[in-house]
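Visitor: sequence plus predicted model, see below.
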Amino acid sequence: MSRIWAGTDCGKTHHHTLVLDAEGSTLLSRRVASDEPELLQLIADVLDIADGRAVTWAMDMTGSEPGLLINLLAAHDQEMAYIPGVAVNRAADSYRGQGKTDARDARIIADQARMRTDLLPVRLEDEALIELRLLTEHRADLVANRTRTINRLRALLNSMFPALERALDLGNAGPLQLLTGYQTPAAIRRAGTRRLTTWLRNRKVRGSEALATRVVEAAGRQHTAVAGEKAIAKMVHTLAEEVMALNKKITEVDKLIEGRFREHDLAEVITSMPGIGATLGAEFLAAVGGNLDAFPTADRLAAFAGVSPAPRDSGKVSGNLHRPTRYHRRLQRVFYQSALISIQNDPNSRTFYDRKRAEGKRHTQAVLALARRRVNVLWALIRDGRSYQVTPPVTASA
């Protein structure tokens, strides 16, 4: 069947669509607002131009900006393909002219879709997957805010009370609770170990006595009040409460993520892999689109996740492997983080990691190699619909 290609350069308020036929001739070029009436008119005009020919809609974005357009195209049973913006920018160098306009970018997108057969399809996500993606993205924002706030809190403590900063693990709830009531060395010395212990126990802090002993010892090493101590102490109190509030929000989001993730058909298969729990499993589903239809082989999935080295050979130089530069960052985190965890509780993963270390690989290289191997395993498990079985490695008899 003959076909035409509609390339769309997506924007926040407007999109530009340019349509090419099989010979590369322009059939339509139009800038439209991201409003339903204009987009429906665009779709109708393109289908009218197609005159029975199949239409492939290619776009350089699949996020929030073209969301309405993608939904309207899906409602009209239109075929959609995604070409990354970086691929469009690099391809632009091979086209005539040096200017950059939305119309030129739309033409490049349409022309690349016309010539290439390796573009990923764009599919409309179901409600459950959309909710998982939104929840995991929200969680990532909350975690980033918590990390930023903790770093700021550490910096303030170092400027006012360095010994206390060294004595506290701000990743735990107890030290944060302490900072909501006591921030300066003088205040901690006045309270003393017994009073601090009672104060912490009343707030259900674990290891209250040990924590109180550490901070009193730290206060005993500093008897000088730095300039601006009162203002810094107030800010420390505020930031400690902010971190505690963020911890509470993250816990609530984790519960929502786990509830939605457990409802997915692949949840049991994914979590059977050592190192993958509900949160990482949800991030995996959100990254791949809920299934592996877009990844016919494990190699494609590994390349998408950035755990497969990219060759950079030229002339007589061969076997020159480098870390890829284009990949899904959050999916790579899923495989890398789960590989790290699996080393601790899966004998197969531990044996593979130890073998790579014995071969001279650095820690990061060995974990990446393990992550790559685990991509093959997870892909096969999902393909076959079966759970991971832990089989102890066979050791050679002495």
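Guide: Ah, there it is. Keep in mind it's a predicted model, so treat the numbers as computed, not measured. Residues are numbered from 1 along each chain as shown.
Visitor: can you give me the helices in the stretch 1-150 of the chain?
Guide: Ranges of helices in the stretch 1-150 of the chain, per DSSP state H, counting those that start in this stretch, are 36-50, 67-75, 85-92, 102-115, 127-160.
Visitor: lowest average pLDDT across those helices?
Guide: Ranked on mean pLDDT, the bottom entry among the helices of the stretch 1-150 of the chain is helix 85-92, at a mean of 88.
Visitor: still on that earlier bit, and the helices of the stretch 1-150 of the chain, which is most packed in?
Guide: Most buried of those, by mean neighbour count (mean count of other C-beta atoms under 10 Å): helix 102-115, with a mean of 21. Yep, even glycine has a C-beta here, placed from its N, CA and C like the rest.
Visitor: for Leu18, find the nearest of the helices of the stretch 1-150 of the chain.
Guide: helix 102-115 (3.9 Å; C-beta to C-beta).
Visitor: so what touches that closest one?
Guide: For helix 102-115, contacts defined as C-beta atoms under 8 Å, 6 or more residues apart in numbering pick out 5-9, 11, 14, 16-20, 22, 24, 26, 29, 31, 56, 58-60, 81, 83, 87-88, 91-92, 95, 97, 119.
Visitor: now for this structure, the helix or strand with the poorest mean pLDDT.
Guide: strand 321-322 (a mean of 70; mean pLDDT, DSSP states H and E).
Visitor: on that earlier part again, let's have the helices of the stretch 1-150 of the chain in CSV, adding distance to Gly171.
Guide: Shown next, in CSV, are those (distance: least, C-beta to C-beta, whole Å):
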stretch, distance to Gly171
helix 36-50, 47
helix 67-75, 36
helix 85-92, 36
helix 102-115, 45
helix 127-160, 8
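Visitor: hmm, back to that, direction included, what does the least confident helix or strand of the chain pair against?
Guide: Paired neighbours of strand 321-322 in the sheet (DSSP bridges): strand 310-311 (antiparallel).
Visitor: ok, the nearest residue to Pro66 once chain neighbours are set aside - contacts?
Guide: Nearest residue to Pro66 in three dimensions, chain neighbours excluded: Cys10, at 4.3 Å (C-beta to C-beta, 6 or more residues apart in numbering). Cys10 makes contacts with Met59, Asp60, Met61, Glu65, Pro66, Leu69, as judged by C-beta under 8 Å, 6+ apart.
Visitor: where does pLDDT dip in the protein?
Guide: Applying pLDDT under 70 to the chain flags residues 1, 317, 319-320, 392-398.
Visitor: what ranges does it have for its strands?
Guide: Per DSSP state E, the chain carries strands over the ranges 3-9, 14-20, 26-33, 54-59, 79-82, 120-121, 310-311, 321-322.
Visitor: ok, which of the ones you listed comes nearest Val236?
Guide: strand 321-322 (44.2 Å).
Visitor: which residues are contacting that closest one?
Guide: Pro309, Ala310, Pro311, Arg312.
Visitor: what about the last one, neighbour count?
Guide: A count of neighbours around Arg312, defined by other C-beta atoms under 10 Å, yields 11.
Visitor: just to check, Arg386 is in contact with Leu266?
Guide: No. In this structure, Arg386 is not within contact of Leu266 by C-beta atoms under 8 Å, at 11.4 Å.
Visitor: when the two are compared, which one has more neighbours?
Guide: Neighbour comparison, Arg386 and Leu266: the larger count goes to Leu266, with 19 against 12 (by other C-beta under 10 Å).
Visitor: nearest residue to that one in space, ignoring adjacent ones along the chain?
Guide: Nearest residue to Leu266 in three dimensions, chain neighbours excluded: Ile382, at 6.1 Å (C-beta to C-beta, 6+ apart).
Visitor: Leu132 versus that neighbour, what's the distance?
Guide: Ile382 sits 16 Å away from Leu132, going by C-beta to C-beta, to the nearest Å.
Visitor: just Arg350 next, same as before
Guide: According to C-beta to C-beta, Arg350 and Leu132 sit 31 Å apart.
Visitor: repeat that for Gly315.
Guide: Taking C-beta to C-beta as the measure, Gly315 and Leu132 are separated by 47 Å.
Visitor: kindly report the same for Ser29.
Guide: When Ser29 is compared with Leu132 (using C-beta to C-beta), they lie 38 Å apart.
Visitor: next up, the contacts around the residue positioned nearest the centre of the chain.
Guide: Nearest to the mean C-alpha position of the chain, by C-alpha atoms, centre = their mean, lies Arg330 at 2.5 Å. Arg330 makes contact with Thr136, Ala140, Glu283, Ala286, Ala287 under the criterion C-beta under 8 Å, 6+ apart.
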